[in-house]
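>>> how does the following fold in three dimensions:
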Amino acid sequence: MSLAVITNGVEYRFYTDTGEPNLMDAQPFYTLRLDALERNLDVLARFHKSVFSPTAIRDYATDLNYTWKIVQHLRAELDLRNREPSDALVRWILASERMYDGRVTGGVVERFRPIVKNALHMVLRDVVRRSVAALDDGVVAPAPLEPAPTPAPTASPPAPVADAEDSKLKAQTTEQELAVFAAARQVFARSPYASAQIFDTSTRKDAPIELLYKDTTGYFGIYLNKPGWWVLRVVFSKTSWVGFNLPADVGEPLVPRDFTVLGPTPHAQFRVEIKAPEDLLKLEALCIAAFRACVEERAATR
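Residues are numbered from 1 along each chain as shown. Reported below is the predicted structural model:
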């Protein structure tokens, strides 16, 4: 058997034998309706006498079956609207090259579960933003996605991301914070530090630089490789600001004229007022100076 069709006159179900030869599969590999033909013309074209091939139909059916299974699996793993990432997904991510060097215990899985969820939300939001932007520009396909931030690899389970005083409260990462991190990634990707290395005092070795983030109840922090190596701290409030890990005498000459320098706080000694996450793109010189200062500070500990 190469092809079987069951229909009620409106809905057509197509079957073939992807499992055992000459034994019809229990489920159709494709279903179409006559009242929605415009969405199925490319599939129907495969059944035309001039191009019909039993082997090609069988291969196509196999591809569709596995595609659907993979879609269902990915949807079950990645749709995290009302649940947390599964243990299997967290372990799979941590097993990726250069992701996590320690032993992945149950405690490590629990530690990374919210990090994985935040990272997935960032990637999915990024895909949506790029797709919408592509439609606005008249482009069919979205631009390539920049790498999503990943936790820095360590030889042992990482230290808590939040500050000690914040650990009692769970910080909620907002759309604005994710947007400002996306802007920081754009600046980082254009800088020479995207392909540079930083000296890690714990391993006494150079490591590729990664731009990551942490969220606390006090501020949204952006850092290189380790939370303690922070470069930017952002607060969205009545007066929103971004703090740079720079001395004021270094940072002030780099501030554009239409931006306001704010006074120091316990979280950041040098701050600049912003109106929107995208303002960070206009502060590119300050961001790069903060990247440079962090790398040079680490290099001085050799």
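>>> measure the residue nearest the centre of the chain to Asp79 for me?
Nearest residue to the geometric centre of the chain (Cα atoms, centre = their mean): Val123, 2.7 Å. Val123 sits 13 Å away from Asp79, going by Cβ to Cβ, to the nearest Å. Heads up, the C-betas are built off the backbone N, CA and C, glycines and all.
>>> do the same with Val108
24 Å.
>>> least confident secondary structure element in this structure?
helix 41-44 (a mean of 69; mean pLDDT, DSSP states H and E).
>>> on the pLDDT front, check the closest residue in space to Leu280 that isn't next to it in sequence for me.
Leaving out its chain neighbours, the residue that sits closest to Leu280 by Cβ to Cβ, 6 or more residues apart in numbering is Ala183, at 4.1 Å. pLDDT for Ala183: 94.
>>> kindly report the same for Asp279.
Note for Asp279: predicted pLDDT of 96.
>>> how far away is it from Gln172?
Asp279 is 22 Å from Gln172, by Cβ to Cβ.
>>> next one: Glu77
For Glu77, the distance to Gln172 - Cβ to Cβ - is 23 Å.
>>> and stretch 213-220, how far apart are its ends?
7 Å (Cα to Cα, to the nearest Å).
>>> residues of it that come out buried?
Residues of stretch 213-220 classed as buried by neighbour count (16 or more other Cβ atoms under 10 Å): Tyr213, Lys214, Asp215, Thr216, Gly218, Tyr219, Phe220.
>>> what mean pLDDT does that stretch have?
90.
>>> so where do the helices sit in the stretch 101-250 of the chain?
106-136, 175-190, 248-251 (DSSP state H, counting those that start in this stretch).
>>> hey, which of the ones you listed is tucked in deepest?
helix 175-190 (a mean of 19; mean count of other Cβ atoms under 10 Å).
>>> show me what that one is packed up against.
helix 106-136, strand 211-215, strand 220-224, strand 230-235, helix 284-299 (3 or more Cβ pairs under 8 Å, 6 or more residues apart in numbering; DSSP states H and E).
>>> swap the cut-off to 6 Å and go again
Packed against helix 175-190 by the contact rule (3 or more Cβ pairs under 6 Å, 6 or more residues apart in numbering; DSSP states H and E) you find strand 211-215.
>>> give me the angle between the strand it packs on and helix 175-190.
Interaxial angle, strand 211-215 versus helix 175-190 (axes from the mean of the first three to the mean of the last three Cα atoms, to 10 degrees): 160 degrees.
>>> strands paired with strand 211-215, and their directions?
When pairing is defined by DSSP bridges, strand 211-215 lines up against strand 220-224 (antiparallel).
>>> contact partners of the strand it pairs with?
177, 184, 209, 212-214, 229-234, 294 (Cβ atoms under 6 Å, 6 or more residues apart in numbering).
>>> helix 284-299 and that one, what's the angle between them?
Going by the same axes, to 10 degrees, strand 220-224 makes 60 degrees with helix 284-299.
>>> what's the following helix or strand after the least confident helix or strand of the chain?
Where DSSP states H and E defines the elements, the next helix or strand beyond helix 41-44 is helix 54-78.
>>> check which residues of that following helix are buried.
Those would be Ile57, Arg58, Tyr60, Ala61, Leu64, Asn65, for helix 54-78 by 16+ other Cβ under 10 Å.
>>> roughly how far does Lys205 sit from Leu283?
32 Å.
>>> so for these two, which residue has more residues nearby?
The residue with more neighbours, out of Lys205 and Leu283, is Leu283; 24 against 9, by other Cβ atoms under 10 Å.
>>> excluding chain neighbours, give the residue nearest to the more buried one in space.
Val272 (6.4 Å).
>>> quick one: contacts for that neighbour?
Val272 makes contact with Val242, Val255, Phe259, Val261, according to Cβ under 6 Å, 6+ apart.
>>> look up the residues forming beta bridges with the first one.
Counting by DSSP bridges, Val242 forms beta bridges with Val234, Val272.
>>> for it, give me its contacts.
Leu232, Val234, Val272, Ile274.
>>> next: the third one.
Taking Cβ under 6 Å, 6+ apart as the definition of contact, the neighbours of Phe259 are Val272.
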